[in-house]
Structures are given as structure tokens and as C-alpha cells.
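Engineer: here you go, sequence then predicted model.
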Amino acid sequence: MRWVTFDCFGTLVDWRHGLRTSAELIAPGQGERLLEAYNRHEHAVQAESPRLRYRHVLAETLRRACAEEKIELSDDDATVAAATLPYWPVFPEVGAELSALRAAGWNLALLTNCDRDLIAGTLRRLPVPFDAVVTAEDAGDYKPSQAHFATFRRAHEPSDWVHVAQSYFHDMVPAHRLGIRRVWINRLGERAPDDSIIQRALPDLHGLLTAVQSG
């Protein structure tokens, strides 16, 4: 079985746009500030409570971001990211590139730091069906823990496996440690802390089939 696994948010779905516009609903004009503050806190929340459901991670991280930026946040408003997440936009090239992989005989899976109920809403918006999904709820931990990868490997025993993701920290590092072939979707034009672990890098999903099949 040949598999391409994907991170979802940031790789297939425009996570930054979704979170920024969600923050704008509760603090108009402050979306970018809150997005950057959110990014500074989310991993700590996940590391402190690996079994905390992702909707609660979103809420707690937003609370900490607002506290840091001195923005008042009501308890009801803390749920805004979970409420809007199923509507966050899919990147425009996703449909064609995933369809090309499927036509070439690859199975597709998601390894996502999300819950089953939240990812169900996103799956309805993704233009190509997936053959398997592993959530943080299934794995019992959040990436960059290796639990998602171990859970997927036990369930599907892939003979050929490529992992595709935008996050160097959450995905490229654990995939490298496990010896999984990988493609970095560097949408933000970042510099890798260690270039040696990057086997293939693309600015978006265009040309992904060639990258996956290049061995």
C-alpha cells in the first residue's frame, strides 16, 4: 500500500487566514496581533495537556494570546476558533494536486492535531476524499509527538510512505526521526533550522506528484 499522509491545517487549509479572521470577529483590527500571539502559546498548551481536546486547546490558547495582548475576552468568545474552523478556506491548488496523487495510485491520509468532530467539518470541504484520518484524539497526543505516525503505521503498515506538511516543527522533525520520506510545503518561505532533514521542499502543493514519486 502506497500512502501519502498530510497535515491538514497550514498544508491543505489556510490556517493563518482562518485564525486571523476568527480573531477579527472578537477584536476588530487585532487579528494579526492575536494570530502571532496565538502561535507563541499553542504548543505550550498542548504540551501541558496532551489529551486536552483541540477545541479546548483553541480556547485556552486564545485566552493566553488575548491576555498577552491585553485584549478583553469573554468566555463565550473564547470558542470562536472552534466554531469557525470548519469554514476555514482550502488552498486553491489542493483539489487538482490531490486528485493527481489519487489517479497515480496513492492512498491519502490526514495526520492532524485536531479532534474527530472538528475534522469532520473540514473533511466535507476538502475536494478529494481521504482513505484514513488520525487525529490527536486517536493518538492521545499532539505533534511533534510521534504518536500520530505510530498510530497510522500500526493501522495501515504502509509499504511506501511519504509525509507532506507545512510545519517543520510539528511534522518534518518527527517524520525525519522515524525515517519517513517527506515533502516540506514551505508556504511561509521559512528557513529550516536544519536543512539536512529536508528531502524535498515546495512553496505550495503544485508539482507534489513529481516530488512524491521522485524517491
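Structural biologist: Received it, and whenever you're ready, just let me know what you need. Residues are numbered from 1 along each chain as shown.
Engineer: pull up the distance across stretch 153-162, start to finish.
Structural biologist: End-to-end distance of stretch 153-162 (CA to CA, to the nearest Å): 12 Å.
Engineer: quick one: contacts of that stretch?
Structural biologist: With CB atoms under 8 Å, 6 or more residues apart in numbering as the test, stretch 153-162 has contacts from 1-5, 107, 109, 132, 134, 152, 180-183, 212. Quick note: C-beta positions are derived from backbone N, CA and C, even for glycine.
Engineer: which helix in this structure has the most residues?
Structural biologist: When the chain is parsed with DSSP state H, its longest helix is helix 31-48.
Engineer: follow-up on the earlier one: quick one: which of the contacts of stretch 153-162 is most hemmed in?
Structural biologist: In terms of neighbour count, T5 stands highest of the contacts of stretch 153-162 at 29 neighbours, by other CB atoms under 10 Å.
Engineer: so it: helix, strand or coil?
Structural biologist: strand (DSSP: H, G, I helix; E, B strand; the rest coil).
Engineer: wait, doesn't it sit right on P174?
Structural biologist: No: between T5 and P174 there is no contact, the gap being 11.6 Å when judged by CB atoms under 8 Å.
Engineer: let me see the mean pLDDT of the strand or helix carrying V162.
Structural biologist: Following DSSP states H and E, one finds V162 within strand 160-165. For strand 160-165, the mean pLDDT works out to 98.
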